[in-house]
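Colleague: following is a predicted model, sequence given first.
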Amino acid sequence: MNMAAAGAMPVVASLALVWVTTIGLVVVTNFVPLNLVALVYILPVIVAATQWGIVPGLAAAFASAVAADFFFYPPLFSFWVESRQDVVDLLLYLLVAIVTSNLAARLRTTADSSNRREREIAELHAFSQTLGTCLTGRDVILAVQDYLSNTLKCRTVLIASAPNDVVPNDVVPNDVGPNDVGPNDVGPNDVGPNDDGAAVPEEVLHEAVKQMVINAPGASRIVELPGRTAWLIRIVVPAIRGYQAIAVELSPGSGEGVAIIAKHVEAVLDEASVALKHLKAKEALEQATINYRTEILRDALVGGVSNELRGPLAAILGSCSVLDRMPAIVNNNDSHNLVEAIHDQAVQLDTQIRDMLDAARISAKGVRPQLVWTDPTDIVDAAIRQKKRRLATHEIVLDLHSDVPLVHVDTVLVEQAFGQLLENAVRYSPAGTAIKITSRCGQDYVELAVTDQGSGLTADEKEQLGKRCYRSERHAAVSGSGLGLWIARTFVAANGGSLHAESRGPELGATVSLRLPTASTATPELVDAFND
């Protein structure tokens, strides 16, 4: 009844305009005779059509014709018309009034549409400016929710993605809890199922979860609540920071404007998605800049400190060598063991400093190998001699084939790389266990491998092995910088080879191998270390 009364009010108002015009004409014609009655009656028709639309305009047109016939065309106070000319005048007036009413109503509709479009464009422009001031994704989410609530004059709620373990037939309102409706950063402006006075009805939440689970991108659905308002649910694709649906509470009588509301929501969400992409790109750029500057400062610090440490360390090693030859030290087991321990620790420290210097040099200038033809067996022998003292606590088993072909590599770099493999095997395997060194020839490569009986590798460790500064949590107590295998991989890559690791599992040992190509045409002249 209320809607019917609201729809009839414009017609009643247009009839009232005709009645007021008629009274005015009756009063005026009593004093001044007028022949422009039909022209005057056009005024309420234009006013009714422009203010309330085509139906009130037509009602005013017919009512004006009837009033003119009854009050101003003889015989007066009768609907009969004596003169044919008067009939033609009335019919012509009625035709003009109908056309004028239609044109005025269309003009009103066009003006309303233009004003609405102008208002929407201005609002979207203001919303875009607001998004430009957002510094985080959370700010964008709150801006979207506030903007839609203020613009649509309807309560608007963003709903988080549905849990993965919910299927359409099993979705019930009780399946959705606080953790399913919003992320951990829900604030006072966010709406969740437990918010007092602002909670989304369970029926709406249930339907939103169902639409998300059945994956209906861009779909709009109306949920009618008995005795309450309806809600428009629209799936957001792609999801905005975990929010996959938006619910808009519709005011009574807005059912015909659902398409307009859905279109407006979609435009706003598109703007929000663009803003989030810009924020993500900006954050990535800032993080990359910070990482780059950190890398430069770290390499400069490491290079400077390492160079300063190598001088005193060389003096310590030299002193240990002299002390180890003195008869008083040689003949005293405690003193001899002490000097040996100092020497071993100094050598280990020197190795770590050399690794840091190599890392700084690699980061600053890359690697430029000096290629020569070399026997892989000679590379193995040289690396074993370099690590002789470190390998003294283990049993070394050699299985080197004598028929492996020559390789075209930088012998210094490859010897250092293979030495890193030996150092790694000693560090992560118990003293007294065997370390096996093998060589074999593949189809287009020579493989040099080191097999230990140590802590082995997990699947994650195997995947991360060879990355810069990577240290497994299992080996946190083992000394090292995490640079050894990264340096080895970089040096081998500079010679056109690759690093490989195999393990049967934790505590079952590991095999780490270098593969060097037998063909020299693919050997690169320069390998940049910034490939991680």
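Modeller: All right, it came through fine.

Colleague: without its sequence neighbours, what residue ends up closest to Gly466?
Modeller: Closest residue in space to Gly466, ignoring its immediate chain neighbours: Arg489 at 4.2 Å, by Cβ to Cβ, 6 or more residues apart in numbering. Where you see a C-beta, it was placed from the backbone N, CA and C, and this is true even at glycine.

Colleague: so which elements touch the host helix or strand of that neighbour?
Modeller: Assigning secondary structure by DSSP states H and E places Arg489 in helix 484-494. Helix 484-494 is packed against helix 333-365, helix 411-427, strand 498-503, strand 510-517, with contacts defined by 3 or more Cβ pairs under 8 Å, 6 or more residues apart in numbering; DSSP states H and E.

Colleague: show the residue spans covered by the strands in the stretch 101-250 of the chain.
Modeller: Ranges of strands in the stretch 101-250 of the chain, per DSSP state E, counting those that start in this stretch, are 156-160, 220-224, 230-240, 243-250.

Colleague: quick revisit: how close does the residue nearest to Gly466 get to Glu295?
Modeller: Separation of Arg489 from Glu295 (Cβ to Cβ, to the nearest Å): 18 Å.

Colleague: now swap in Gln145 and tell me
Modeller: 40 Å.

Colleague: neighbour count for these two, which is higher?
Modeller: Using other Cβ atoms under 10 Å as the criterion, Gln145 and Glu295 rank with Gln145 on top: 21 against 13.

Colleague: my guess is that one contacts Ile159. True?
Modeller: No: between Gln145 and Ile159 there is no contact, the gap being 10.9 Å when judged by Cβ atoms under 8 Å.

Colleague: contacting residues for the nearest residue to Ile222 once chain neighbours are set aside?
Modeller: Leaving out its chain neighbours, the residue that sits closest to Ile222 by Cβ to Cβ, 6+ apart is Ala230, at 5.5 Å. For Ala230, the contact set (Cβ atoms under 8 Å, 6 or more residues apart in numbering) comprises 222-224, 249-250, 255.

Colleague: all helices of the stretch 151-300 of the chain, in order?
Modeller: Along the stretch 151-300 of the chain, counting by DSSP state H, counting those that start in this stretch, helices occupy 178-181, 202-213, 258-323.

Colleague: deepest-packed of those helices, please.
Modeller: Highest mean neighbour count of the helices of the stretch 151-300 of the chain: helix 202-213, a mean of 21 (counted as mean count of other Cβ atoms under 10 Å).

Colleague: rewinding a little: give me the buried subset of the contacts of Ala230.
Modeller: Neighbour-count burial (16 or more other Cβ atoms under 10 Å) is assigned, among these, to 223, 249-250.

Colleague: tell me the one of those nearest Gln287?
Modeller: Glu249 (39.4 Å; Cβ to Cβ).

Colleague: relative to Ala328, how far out is that closest one?
Modeller: 94 Å.

Colleague: still on that earlier bit, Throw the contacts of Ala230 into a markdown table and include distance to Met9, thanks.
Modeller: Converted to a markdown table, those look like this (distance: Cβ to Cβ, whole Å):
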| residue | distance to Met9 |
| --- | --- |
| Ile222 | 27 |
| Val223 | 30 |
| Glu224 | 26 |
| Glu249 | 26 |
| Leu250 | 23 |
| Gly255 | 20 |
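
Colleague: retrieve the pLDDT associated with Leu421.
Modeller: Here the pLDDT value assigned to Leu421 is 91.

Colleague: er, Ser439 actually
Modeller: Note on Ser439: pLDDT of 92.

Colleague: and if you look at His336?
Modeller: 79.

Colleague: grab the nearest non-local neighbour of Pro44.
Modeller: Leu17 (3.9 Å).

Colleague: neighbours around the one you found, how many?
Modeller: Residues near Leu17, counting by other Cβ under 10 Å, number 21.

Colleague: let me know the secondary structure of the residue lying closest to Arg474 once chain neighbours are set aside.
Modeller: Spatial nearest neighbour of Arg474, excluding adjacent residues (Cβ to Cβ, 6+ apart): Ser455 at 6.6 Å. With DSSP: H, G, I helix; E, B strand; the rest coil as the basis, Ser455 sits in coil.

Colleague: OK, contacts around Ser455?
Modeller: If a contact means Cβ under 8 Å, 6+ apart, then Ser455 has 428-429, 474-475, 506-507, 510 as its contacts.

Colleague: report the beta-bridge partner residues of Val397.
Modeller: Residues in a beta bridge with Val397, per DSSP bridges, are Lys436.

Colleague: wait, it touches Ala449, no?
Modeller: No: Val397 is beyond contact range of Ala449, at 11.7 Å (criterion: Cβ under 8 Å).

Colleague: which of those two has more residues huddled nearby?
Modeller: Ala449 (20 against 11).

Colleague: for the more buried one, phi and psi?
Modeller: Backbone torsions for Ala449, taken as degrees, to the nearest 10, come to phi -120, psi 150.

Colleague: surely it and Ile435 touch.
Modeller: No: if you go by Cβ under 8 Å, Ala449 and Ile435 don't touch, sitting 10.8 Å apart.

Colleague: which SS class is His74?
Modeller: Just so we're on the same page, residue 74 is Pro rather than His. When classified by three-state DSSP, Pro74 comes out as coil.

Colleague: for it, give me its contacts.
Modeller: Pro74 neighbours (Cβ under 8 Å, 6+ apart): 82-83, 86.

Colleague: what's the neighbour count on Leu95?
Modeller: Neighbourhood size, Leu95 [other Cβ under 10 Å]: 11.

Colleague: next, it: secondary structure please.
Modeller: helix.

Colleague: shaky segments in the stretch 201-350 of the chain?
Modeller: 215-220, 227-228, 236-242, 251-259, 262, 298-299, 301-307, 310 (pLDDT under 70).

Colleague: where in the stretch 1-150 of the chain is pLDDT low?
Modeller: Looking at the stretch 1-150 of the chain by pLDDT under 70, you get 1-7, 34.

Colleague: let's go with 50 and repeat that
Modeller: For the stretch 1-150 of the chain, applying pLDDT under 50 flags the ranges 1, 3.

Colleague: that one: helices as residue ranges?
Modeller: Secondary structure of the stretch 1-150 of the chain (DSSP H, counting those that start in this stretch): helices at 2-31, 37-52, 54-72, 84-132, 137-152.

Colleague: just to revisit the earlier point, now the helix holding Arg489: average pLDDT?
Modeller: For helix 484-494, the per-residue pLDDT values average out at 85.

Colleague: buried residues, that helix. List them.
Modeller: Across helix 484-494, burial judged by 16+ other Cβ under 10 Å covers 484-494.

Colleague: between those, which is nearest Leu465?
Modeller: Lowest distance from Leu465 to the buried residues of helix 484-494 (Cβ to Cβ) belongs to Leu485, with 6.0 Å.

Colleague: and of the helices of the stretch 1-150 of the chain, who's closest to Pro405?
Modeller: Pro405 lies closest to helix 137-152 among those, at 57.0 Å (Cβ to Cβ).

Colleague: in that closest one, what's buried?
Modeller: Buried, per 16+ other Cβ under 10 Å, within helix 137-152: 137-138, 140-145, 147-149, 151-152.

Colleague: of these, just say which sits nearest to Gly57.
Modeller: Nearest to Gly57 among the buried residues of helix 137-152 is Leu152, at 29.9 Å by Cβ to Cβ.

Colleague: got the confidence number for the closest one?
Modeller: On the pLDDT scale, Leu152 is placed at 68.
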